[in-house]
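>>> Using only what follows, build the 3D model:
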Amino acid sequence: MYITDFASLTSKIGEKKVEVAGFVHSIRDHGGLIFVDVRSNGELLQCTANPTLFAEAFAVCESLHNEYTVVLKGTVQARDSDAINPNIATGKIELMIELATVISTAKPMPFNIHAEDNQLAGEEIRLKYRYLDLRREKLHKLMKTRHKMFLEVRNWFDAEDFVEIATPILANSSPEGARDFLVPSRLQQGSFYALPQAPQQFKQLLMVGGFSKYFQIAACFRDEDPRADRAYGEFYQIDAEIAWADPEYIRALSEKLVREVFSKFTAKKLASPEFIQIDHAEALEKYGSDKPDLRYDLAWKDVKPLFVGSGFGAFANLCGVDTARVQALIVPGGADKFSRSDLDKVQEIGRSFGLPGIAYIQVGESEMKSPIFKFLADSEAEIEAKKAEIKQYLGLKNNDLVLFIANENRHIVYKAQHEMRKYIGRHLTLIDDSVMQFVWINNFPFFEKDEKTGKIEFGHNPFSVWKGGLATLQEAQTKGEEALLALKAQQYDIAVNGYEVLSGGVRNQDPVALREVFKICGYTDEEVESKFGHMLEAYSYGAPTHAGFAWGIDRLFMVLVGEENIREIFAFPKNGSGFDLMMKSPSDVRDSQLKELGIKVLNVKVLV
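Below you'll find the predicted structure:
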């Protein structure tokens, strides 16, 4: 076996001959001596060829090119003191080459695989030749770090008495909120498996089976549009379920995992030893997002009371609409930090979500300025009184900037709040990339109303429980739709630095209550029995209360290592269109394969 762990050679100075293997990283001809840097697993080893001592080996080295793979035999010796390289693990040694063998040659690279981050080739060509892109030192380190973290996660859960159980990949379709990937069955033609969006039902059934602490690093599949923090098609999560657990136990366990495992794999520090906790509704009101970045303190405030009955109709007319939002963001000391063009960019963010404009106030040392003041009232005295009311209500100080947004559609306001807050945070350099601020989001609504169809649907997870159980649900049904929409699920998320990284909840093991919530969301008895009959029957044989969670390990790892694109932390990712440029998938299949499955593809060319 050839030596590929070059750092281990430091202990072999002066010993008998060794054989090393790797890629040719670079070649330097110093007029009489050739220095060949060989690379293996991200480590470099300087190897020296001397024509006087070993002419044949020197001749082979003269023919080498970058990225050839070679086996070199020789002796390890200490470098001269002036030749030591302190930046690499092998910087104090070198290999004197006695025998050189070329294992394989290499064509010129289609792009510079060792370029600096700011000079990398485009993503498309790097994904097409991903096996070459993986030779980059940075990607090597990422893959190794990911491996180490997964290993430590498994050991940690084992020490906490969890049992890792692999759940099926060929599963059934489940209402997890995204499109399923369907797999046609050959043996039961016309029927389909679904790749699991999560092991949700299986892990709950394990609780019925008497396993009180389950976990796995689970592969999950969702047909969702890709984005910077969401890989297309497949992802991994640390999935766990615990019998008899309550939210307090889940919170303590999850925070312990962060402190004892995840924090080892990042240079970032925890912004605070305790995680912040905030209600879902408060997160939306203050930050416009249920995954707020709380590394900086910019929070929106409801200002409907300021504009009730005022002459500024754009806001006043919304004050009596329950679903409407009129919100203000105070930017302390921001009045002189935003040029006209900066405020125009803020306006553009609002317009991108359908808002006609953004109102603002600039607080000077002697007066407050805003185009909206002239609309607040008819007389100068009334306007001045209203300005004083605004200043007191918002607690404004000299040089503050206030931004206002309003719309009858609260979701539009939330989206604009979120994006404007992010822009301002970046513009004022408020975001500290060296820290991580974890925040629990609690009390999600169990139901929500689809604004297009008007139908009630699950807000988060249909298998979660709400406070009060069946009796509370039945009481809400008698009161009507608003009471149902007010039910809060015992569900929780964790966000860090603006990314959702954990989702979980306390489960509902009451089959009667489960049937009722599916009925409220429009499922027929036949649909419930077909899709969830196995779970309802399982619960009828006795089930412990249980709760669980799932860490989105890919997204979390992206935050830990400071990457901005999740595709960088996968060995073989698909591109932004969900296409694998290297394997050229998805691809056509032969007609004979479709025939076996009882499938006919219409208007699509297939291979014969």
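>>> then the longest helix along the chain to PDB, C-alphas only?
Secondary structure assigned by DSSP state H gives helix 137-159 as the longest helix of the chain. Provided in PDB are the C-alpha atoms of helix 137-159 (Å, rounded to 0.1, in the frame of the first residue of the first chain):
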ATOM      1  CA  GLU A 137      -8.400  22.000  -1.500                       C
ATOM      2  CA  LYS A 138     -11.400  23.900  -0.100                       C
ATOM      3  CA  LEU A 139     -13.900  21.200  -1.300                       C
ATOM      4  CA  HIS A 140     -11.700  18.500   0.100                       C
ATOM      5  CA  LYS A 141     -11.700  20.200   3.500                       C
ATOM      6  CA  LEU A 142     -15.500  20.700   3.300                       C
ATOM      7  CA  MET A 143     -16.100  17.000   2.600                       C
ATOM      8  CA  LYS A 144     -13.800  15.900   5.400                       C
ATOM      9  CA  THR A 145     -15.300  18.300   7.800                       C
ATOM     10  CA  ARG A 146     -18.800  17.100   6.900                       C
ATOM     11  CA  HIS A 147     -17.700  13.500   7.400                       C
ATOM     12  CA  LYS A 148     -16.200  14.300  10.800                       C
ATOM     13  CA  MET A 149     -19.400  16.200  11.900                       C
ATOM     14  CA  PHE A 150     -21.700  13.300  10.800                       C
ATOM     15  CA  LEU A 151     -19.400  10.900  12.700                       C
ATOM     16  CA  GLU A 152     -19.500  13.000  15.900                       C
ATOM     17  CA  VAL A 153     -23.300  13.400  15.600                       C
ATOM     18  CA  ARG A 154     -23.800   9.600  15.500                       C
ATOM     19  CA  ASN A 155     -21.500   9.100  18.500                       C
ATOM     20  CA  TRP A 156     -23.300  11.900  20.400                       C
ATOM     21  CA  PHE A 157     -26.700  10.400  19.900                       C
ATOM     22  CA  ASP A 158     -25.400   7.000  20.800                       C
ATOM     23  CA  ALA A 159     -24.100   8.400  24.100                       C
END
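>>> That helix: which residues count as buried?
By neighbour count with 16 or more other CB atoms under 10 Å, helix 137-159 contains the buried residues Lys138, Leu139, Leu142, Thr145, Arg146, Met149, Val153, Arg154, Trp156, Phe157. C-beta here means a position set from N, CA and C on the backbone, and glycine is covered the same way.
>>> can I get those residues in a markdown table with pLDDT and distance to Ile431?
Formatted as a markdown table, the buried residues of helix 137-159 follow (pLDDT from 0 to 100; distance: CB to CB, whole Å):
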| residue | pLDDT | distance to Ile431 |
| --- | --- | --- |
| Lys138 | 93 | 23 |
| Leu139 | 95 | 26 |
| Leu142 | 96 | 23 |
| Thr145 | 97 | 24 |
| Arg146 | 97 | 25 |
| Met149 | 98 | 24 |
| Val153 | 98 | 28 |
| Arg154 | 98 | 33 |
| Trp156 | 98 | 30 |
| Phe157 | 98 | 33 |
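>>> okay, the residues you listed in JSON lines with distance to Asn603 next?
JSON lines is the format used below for these (distance: CB to CB, whole Å):
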{"residue": "Lys138", "distance to Asn603": "44"}
{"residue": "Leu139", "distance to Asn603": "40"}
{"residue": "Leu142", "distance to Asn603": "42"}
{"residue": "Thr145", "distance to Asn603": "46"}
{"residue": "Arg146", "distance to Asn603": "41"}
{"residue": "Met149", "distance to Asn603": "46"}
{"residue": "Val153", "distance to Asn603": "46"}
{"residue": "Arg154", "distance to Asn603": "47"}
{"residue": "Trp156", "distance to Asn603": "52"}
{"residue": "Phe157", "distance to Asn603": "49"}
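>>> burial count for Pro332?
Here the count is done by other CB atoms under 10 Å, and Pro332 has 14 residues near it.
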